[in-house]
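> Model the following, please.
(chains A and B)
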Amino acid sequence: MDSTSDRSKKLETAIGICLLTILFLIAITILIKQSDYDMGRFGIEKAVGEPEPIKAKLLSLVPAGFEMLSEEVYLADNLFEKINGKAPLYIESGFEKLFTQRFINKKNEDLWMELFVFDMAALKNAFSVYSVQRRPDVEFLPDIQFGYKTTDSPYFVHGKYYIEFIASSKSDELFKAMMEVAHNIQTNLPVDKYTEIPELTLFPQENLVTDSPKLYLASAFGFEKFTDIFTAQYKLGDETITAFFGKRPDSKDAQLAAKSYYNFLLENGGELKPAINKILEGKVIDFYDTTEIVSSAGPFVYGIHEAESQQSAEKIAITMLNKLGQGNK
Amino acid sequence: MTKSNDKNLGRRQFLSRAGKAGISIAAAGSVSLLLYDAKGPPRHVVKTEEFVTLPDFSVPHVAGQTLSIVRGPDRKQTVTKAIELLGGIERFVKKGETVAIKPNVAFARPPMLGATAHPELVAAVVELCRKAGAKLVYVTDNPIDASASCFTLSGIRKAASEAGASVILPKAHHFKPTTLADGKLIKNWPIFFGPFANIDKLIGISPIKHHERAGASMSMKNWYGLLGGRRNIFHQDINTIIAELAMMVKPTLVILDGTEVMMTNGPTGGSVSDLKRTNTLIASCDMVAADSYGCTLLDLKPKDLPYLAKAQAAGAGTTNYEALKPILDTV
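Residues are numbered from 1 along each chain as shown, chains lettered A, B, ... in the order given. I've put the predicted structure just below:
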């Protein structure tokens, strides 16, 4: 009797320990999953690694002849307090944190500048906000993969950070100081080694306008469901053609995305028109006297947006099809 | 565990244990019941008499003198001419009156970037009001960014003060709740009311800017600065809130600065490359008409901005600015 009772006790103890262990493992799994969920499922890349916060590097950023004034930090829930109506653009693109710092010239208080460091969580997100805000007719910065300058300030991507400045006035001295801060950021602010956006290599190179690619993470061409869309411009004679593509998990999803955008165009006044090239039959739409082409190739939805000439539009669309077909192999 | 495994558990023992368990459950339940608050935390109930309403600051309509458009690069000259074409500053400001000027001071950005009203323009309007005999001229706004920085870095604090205005920065006691009759969004919402409570006239001054969410930020969007609280939630329905602001505020005059317009990356901009010089200044007693013309400087049409049609439908003005026969001039 006693031996049976002992066996029962041991068995129950073992079962109890097992159950507690299982519950403990479930709790740990939930905690891990919640702290490391896949943002890619929401069209946003997650950060790889966590570089040292910029605040710790501040002193190394101060340009010669300047001193620091106020610093500010904003998160998604109060970003509007700094940039109001532009906040959604960042938040929809994976924004995590904005750090700002003003610098003032020690000898002339009218010369000041403000540094904006947007932590966008991943290079791709940072590229997106950089590219969609890029000003026309700018000079690209040498030795920086994604960077340009206007007449008053520089703008660039550094790993997961999108960086811009505002200047109190147009001044050579201020511009020089901003470039010094930019250099200091590149030297002193560590970021992930991963600095490629592979999708950018999928655009055909012939006739491509250098540095024209953009990434719309949300609502490309005003169509809410068109997310994660790369665009680039092509020059054919005097005409500029906008080509686009987006990668989807599989060919079925790509077909659905193409169909969805196709329907959106028709619902908004577009009309199907005969294609010049048979391969594009049923894919060409007249949209208020411009040509839209939308189709899919493997996991890619691709097309042409608001081209003036159907012939040019189809020419670029076919080169896109050929290139994306190769990328799919 | 040992006792519960006892196969020889007696009836008395069982009843005793069951009783104890029952008492424990009942005790826990009683404590929960005692702590349960069916009503929840008390909500601050605003009594109807606590609600404020912005007065109507508009002036009587004069046919053919509702909208003026003046071309020229000098803001002081263009605004002076534009107001003169509408009947002169005396039509809008009488001797001894108190005037509030509400420029767009949303951001702590330098005037060069065009994200805020230009300080020279604000100063010119202050001077005109003073010249007309205004007893007091206030310049005030409730910026998005830190207010002291916004007024200082935009150059508006210095320019307005030097021109003879008192600059009022927002304080907590300036905010009072309001509800807009027939409004969908402005319901029991705090507005920046204090500086406007005892004034006679209200003038809005705003730059023409691209706006990422609304399409364009002009005269009507300028009143967004009157909203307090977590006003960013209104970005979800930006067209309705702008139209409701046009219903809520009845200004004496609006001045829309198209000397340089922000064509891209608004409403903050960030570079002079975002600006285009269009050398145009608009003054109007009808802000819907002013904005309908103003948007053409952004290469937009009034139909591209749904809030204009909504404001027109609500009776705030007309999108058909041509019907007002705008007075054109160049200086």
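> Every contact and neighbour count from this point should use C-alpha atoms.
Will do.
> Give me every residue in chain A lying close to chain B.
Residues of chain A lying near chain B by Cα under 8 Å from any Cα of the partner chain: A:5, A:9, A:80-86, A:88-89, A:133, A:135-136, A:150-153, A:165-169.
> now, which of those lie within strands?
Mapping the residues of chain A next to chain B onto strands (DSSP state E) picks out A:165-167.
> Among these, find me the one that's closest to chain B.
Nearest to chain B among these, counting by Cα to the nearest Cα, is residue A:166 at 5.6 Å.
> List the beta-bridge partners for the closest one.
Applying DSSP bridges to residue A:166 gives these bridge partners: residue A:114.
> Check which residues of stretch B:65-75 are buried.
Using 16 or more other Cα atoms under 10 Å in any protein chain shown as the test for burial, stretch B:65-75 gives B:65-73, B:75.
> I'd like the ones in strands among the residues of chain A next to chain B as CSV, with pLDDT appended.
Below are these laid out as CSV (pLDDT from 0 to 100):
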residue, pLDDT
A:165, 96
A:166, 93
A:167, 94
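> out of those, which one sits closest to residue A:280?
Nearest to residue A:280, judged by Cα to Cα, of those is residue A:165 at 44.9 Å.
> Please list all residues in contact with the closest one.
A:113-116, A:153-155, A:178, B:270 (Cα atoms under 8 Å, 6 or more residues apart in numbering or on different chains).
> Which one of those is nearest to residue B:282?
Taking Cα to Cα as the measure, residue B:282 lies nearest residue B:270 of the contacts of residue A:165, at 24.2 Å.
> hang on, that closest one packs against residue A:168?
No. Checked against Cα atoms under 8 Å, the pair residue B:270 and residue A:168 is beyond contact range at 10.4 Å.
> Do a quick rundown of the strands in the stretch 101-250 of chain A.
Ranges of strands in the stretch 101-250 of chain A, per DSSP state E, counting those that start in this stretch, are A:112-119, A:139-140, A:147-149, A:154-158, A:161-167, A:214-216, A:229-236, A:239-247.
> For the second one, which outside residues touch it?
With Cα under 8 Å, 6+ apart as the test, strand A:139-140 has contacts from A:147-150.
> mind listing what it pairs with, with the direction of each?
When pairs are called by DSSP bridges, strand A:139-140 turns out to pair with strand A:147-149 (antiparallel).
> Next: the last one.
Using DSSP bridges, strand A:239-247 pairs in its sheet with strand A:229-236 (antiparallel), strand A:300-307 (antiparallel).
> same question, the fourth one
In the sheet containing strand A:154-158, its partner strands are strand A:147-149 (antiparallel), strand A:161-167 (antiparallel), by DSSP bridges.
> Same question for stretch A:221-237: list its buried residues.
A:226-234.
> Please measure how far the first residue of that stretch sits from its last one.
When the termini of stretch A:221-237 are compared using Cα to Cα, to the nearest Å, they are 24 Å apart.
> pretty sure residue B:139 is in contact with residue B:163, am I right?
No. Residue B:139 lies out of contact with residue B:163 (Cα under 8 Å); the separation is 10.7 Å.
> And these two? Which one has more around it.
Neighbour count, other Cα atoms under 10 Å in any protein chain shown: between residue B:139 and residue B:163, residue B:139 has more, with 26 against 18.
> Please report the distance of the residue of the stretch 201-329 of chain A found nearest chain B from residue A:229.
At 11.7 Å from chain B, residue A:222 is the closest residue in the stretch 201-329 of chain A, using Cα to the nearest Cα. Relative to residue A:229, residue A:222 is positioned 12 Å away (Cα to Cα).
> try residue A:105
In this view, residue A:105 and residue A:229 are 42 Å apart by Cα to Cα.
> And for residue B:148?
Remark: distance between residue B:148 and residue A:229 (Cα to Cα) = 41 Å.
> For residue B:96, which residues are in contact?
B:133-136.
> all helices of the chain, in order?
Picking chain A for this. In chain A, the segments counted as helices under DSSP state H are A:2-35, A:80-83, A:87-91, A:123-133, A:172-188, A:251-267, A:310-327.
> if you could check chain B rather than the one you did, that'd help
B:11-35, B:75-85, B:89-92, B:119-131, B:147-153, B:156-163, B:219-222, B:238-248, B:287-294, B:306-313.
> Nearest to chain A among those helices would be which one?
helix B:147-153 (8.2 Å).
> Would you mind checking the average pLDDT for the closest one?
Mean pLDDT, computed over helix B:147-153, is 93.
> can you check stretch B:237-250 too?
What stretch B:237-250 shows for mean pLDDT is 96.
> List the buried residues for that stretch?
Applying a neighbour-count criterion of 16+ other Cα under 10 Å, the buried positions in stretch B:237-250 are B:238-250.
> okay if I get those residues as TSV plus distance to residue B:275?
Below are these laid out as TSV (distance: Cα to Cα, whole Å):
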residue	distance to residue B:275
B:238	23
B:239	24
B:240	27
B:241	26
B:242	23
B:243	26
B:244	29
B:245	26
B:246	26
B:247	30
B:248	31
B:249	29
B:250	30
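> Please consider this matter closed, and thank you.
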